[in-house]
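Colleague: Quick one: sequence plus predicted model below, questions after.
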Amino acid sequence: MDFASYEALKLECDDKGILTITFNRPDTLNAIDEHIDTELARVFTEASHDPRVRVMILTGAGRAFSAGGDIEEMQLVIDEPQRFIDGARRGKQVLFSMLDCPKPIIAKINGHAIGLGATLALFCDLSYATLEAKIGDPHVAVGFVAGDGGAAIWPQLVGYAKAKEYLLTGDLLTGEQAEKIGLINYAVPAGELDERVQAMALRLATGASKAIEWTKLSINISLKHIVHSVIDASLAYEALSNQTEDHQEAVNAFREKRKPVFKGR
């Protein structure tokens with residue numbers, strides 16, 4: 001793969017075959033815009049075919065893993081619904097490329113992972129977060145359906161009761177709380193995060209790669225069936241919510257730095 005062809009994502013591969021993929025918009029807390037989205041739609045497929053790569057680490061530059069959707073992009077999507085259709089197509093590519101990629105992907109949640117940022121972290125095979133990192137999917141807080149993968153992956157990790165609690169309220173968890181309910185693998189002090197993730201990445205990179213890869217693919221067979229059964233409908237519901245007055249009100253409120261007033265329409 002051509003690392004130089006990526007701009008919104010920073011790619012670095014060491015001599016052990018550990019590829020670090022970094023969201024590289026620290027000034028926006030790594031909010032996912034069309035540029036990042038487009039590069040995400042190909043990076044995992046390309047990495048899966050690169051013989052240099054044995055393991056991937058997904059993380060964010062600066063203080064956040066990813067703050068999720070870009071608010072300016074949200075307004076553009078409201079104004080131009082075709083952008084939602086295009087984004088949904090790329091979003092499906094990203095999720096299934098992660099599930100289809102035989103090489104392990106580790107989420108290094110170095111800061112907040114919100115909305116789509118949380119979904120991307122949770123679709124990784126292993127996840128490590130700092131104790132204080134905020135993790136959650138507050139789509140409903142902006143009048144949006146949690147359609148980009150959250151409705152599929154949260155119930156598989158924490159069960160339906162907890163998934164409904166957090167997806168219907170949009171409440172955030174700390175890394176420590178997320179570990180306790182099984183949403184992520186480990187929450188660690190910030191100063192230990194790099195070391196813990198690197199140790200696991202090195203263990204996987206120096207392991208029996210074919211056995212590891214085929215085990216991952218075997219585990220993901222049933223998960224892919226579940227995601228396939230949910231994703232089209234959840235994205236369709238999200239598309240409907242994109243055109244609601246409540247969603248526009250939430251975008252307006254965010255821009256005006258005030259609390260939204262929802263009217264249920």
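Modeller: Yep, that arrived.
Colleague: ranges for the strands of the protein?
Modeller: Here the chain has its strands, by DSSP state E, at 9-13, 18-23, 55-60, 105-109, 113-114, 126-130, 134-136, 173-174, 186-188.
Colleague: Tell me which of those sits nearest to Gln243.
Modeller: With Cβ to Cβ as the measure, strand 113-114 is the member of the strands of the chain nearest Gln243 (22.8 Å). Bear in mind the C-beta positions are built from the backbone N, C-alpha and C, glycine included.
Colleague: about what we covered before: of the strands of the chain, which stretch is the most buried?
Modeller: Mean neighbour count (mean count of other Cβ atoms under 10 Å) peaks for strand 113-114 among the strands of the chain, with a mean of 30.
Colleague: Quick check: which helices or strands does that one pack against?
Modeller: When contacts are defined as 3 or more Cβ pairs under 8 Å, 6 or more residues apart in numbering; DSSP states H and E, strand 113-114 sits against strand 134-136.
Colleague: which residues touch Tyr237?
Modeller: Residues counted as contacts of Tyr237 (Cβ atoms under 8 Å, 6 or more residues apart in numbering) are Val145, Gly147.
Colleague: still on that earlier bit, tabulate the strands of the chain in TSV, adding columns for mean pLDDT.
Modeller: Shown next, in TSV, are the strands of the chain (pLDDT from 0 to 100):
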stretch	mean pLDDT
strand 9-13	98
strand 18-23	98
strand 55-60	98
strand 105-109	98
strand 113-114	98
strand 126-130	98
strand 134-136	98
strand 173-174	98
strand 186-188	98
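Colleague: Based on its surroundings, how many neighbours for Ile221?
Modeller: By other Cβ atoms under 10 Å, 9 other residues sit near Ile221.
Colleague: do the same with Glu245
Modeller: Neighbour tally, Glu245, other Cβ under 10 Å: 12.
Colleague: From Asn252, how far off is it?
Modeller: 10 Å (Cβ to Cβ, to the nearest Å).
Colleague: what do you get for Ile114?
Modeller: Distance from Ile114 to Asn252, by Cβ to Cβ: 20 Å.
Colleague: Quick one: residues contacting the residue nearest to Gly136 when sequence neighbours are not counted.
Modeller: Leaving aside its sequence neighbours, Gly136 sits nearest to Leu172 (Cβ to Cβ, 6 or more residues apart in numbering; 3.5 Å). For Leu172, the contact set (Cβ under 8 Å, 6+ apart) comprises Ile114, Lys134, Ile135, Gly136, Pro138.
Colleague: so the second one makes contact with Leu173?
Modeller: Yes: Lys134 is within contact range of Leu173, at 7.2 Å (criterion: Cβ atoms under 8 Å).
Colleague: Contact partners for Ala61?
Modeller: Lys10, Thr22, Phe23, Asn24, Arg25, Pro26, Asn30.
Colleague: same deal with Ala163?
Modeller: Residues Ala151, Trp154, Pro155, Leu157 are the ones in contact with Ala163 under the rule Cβ under 8 Å, 6+ apart.
Colleague: what's the pLDDT at it?
Modeller: Per-residue pLDDT puts Ala163 at 98.
Colleague: how far away is it from Ile181?
Modeller: 10 Å.
Colleague: same question, Val55
Modeller: 26 Å.
Colleague: now swap in Asp33 and tell me
Modeller: 30 Å.
Colleague: re the thing from before, can you list the strands of the chain in JSON lines and add distance to Gln75?
Modeller: JSON lines is the format used below for the strands of the chain (distance: least, Cβ to Cβ, whole Å):
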{"stretch": "strand 9-13", "distance to Gln75": "24"}
{"stretch": "strand 18-23", "distance to Gln75": "21"}
{"stretch": "strand 55-60", "distance to Gln75": "23"}
{"stretch": "strand 105-109", "distance to Gln75": "28"}
{"stretch": "strand 113-114", "distance to Gln75": "18"}
{"stretch": "strand 126-130", "distance to Gln75": "30"}
{"stretch": "strand 134-136", "distance to Gln75": "22"}
{"stretch": "strand 173-174", "distance to Gln75": "28"}
{"stretch": "strand 186-188", "distance to Gln75": "34"}
